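Participant: need coordinates for the below:
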Amino acid sequence: MRGDKGSGFRILTPEPRTLTVLCALFLFTALSAAAQNWSVDLTPYLWVASVGIDTSLPATPPSTSPTVDRFDTRISAGAMLAAEARYRSVGLFVDFAWLQLNTEAINPGPAYSAVNLKSDFIHSTAALTYRLPLEGKFQVEALAGARIWHVANDLESTKGLLPGFDASADKTWVDPMVGASLSYGLMKRWSGGLKGLVGGFGVSADIAGEVFAGVTYKYKEWGSARLGYRYLYEQYDRAFKFNLDAQGFLLGFGFHF
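Facilitator: Presented below is the predicted three-dimensional model:
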């Protein structure tokens, strides 16, 4: 410290280095206090689902329109990630999924030697969450937000009696969504969970819904594994038609900060 002499007293002012240390200490303390109220969860996951899909085929010339009524659909690629940032009891939940479906005609008939439909669809949900002030092992969160869909269909017919052709169509829409998430501590590292969402309400899709039930094992403070079963339903018919019914097992690995 240094002082300036006056008439019988001194006014002390801190050295710049001391002031810098005090500011840094204050900032660190403030950030530490804020960090205790924040949490972030990231969960990449794999969903192995059986898919039933009824979608609008791209427009084709009448003379070449395929008349196949039986198809075999499978998932050929995908990327999936769920994340949630929470401040105390309020948070933001995001779930992103991209799936590519290959649909192959069964017995396409003599008109074409093969009829294949490649469908790329992205659905991403963003919702505000609120954790109810409950004590004990039982936790409940309310969710309200929206889900955006983007669907792109590419149809390819290989030459048979008729000449082959390619066609494509795509559509984007948004569904309002509401729901709830429930969890219960089973044992020291195990917990069970149930999450449900419903939406559409005729605003975009006629009805949209999702249910997930599973268990979580927390093997570290920063890591966990989740196994469960997921059901997803979407019924959209606004000039463009997209009806999806998908269900299957889901495996995810969570990282907690």
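Participant: quick one: L232 is in a helix?
Facilitator: No. L232 is assigned strand when assessed by DSSP: H, G, I helix; E, B strand; the rest coil, not a helix.
Participant: show me the contacts for it.
Facilitator: Applying CB atoms under 8 Å, 6 or more residues apart in numbering to L232 gives the contacts 49, 209-210, 244-247. Placement of C-beta: from N, CA and C, glycine included.
Participant: could you redo the last one with a cut-off of 10 Å?
Facilitator: 47, 49, 51, 97, 123, 197, 208-212, 244-248 (CB atoms under 10 Å, 6 or more residues apart in numbering).
Participant: likewise L92?
Facilitator: 83-86, 126-129, 145.
Participant: sticking with it, tell me its helix or strand.
Facilitator: L92 belongs to strand 90-105 when assigned by DSSP states H and E.
Participant: for that strand, buried residues please.
Facilitator: Buried residues in strand 90-105, counting neighbours by 16 or more other CB atoms under 10 Å, are found at 91, 93, 95, 97, 99, 101, 103, 105.
Participant: thought the third one was touching L81?
Facilitator: Yes. Counting by CB atoms under 10 Å, L81 is a contact partner of D95 at 7.6 Å.
Participant: what residues do those two have in common as contacts?
Facilitator: Joint contacts of D95 and L81 (CB under 10 Å, 6+ apart) are 43, 45, 124.
Participant: and of the residues you listed, the nearest to T172?
Facilitator: S124 (11.1 Å; CB to CB).
Participant: gap between that closest one and D170?
Facilitator: 16 Å (CB to CB, to the nearest Å).
Participant: and for G248?
Facilitator: Between G248 and D170 the distance is 25 Å, computed by CB to CB.
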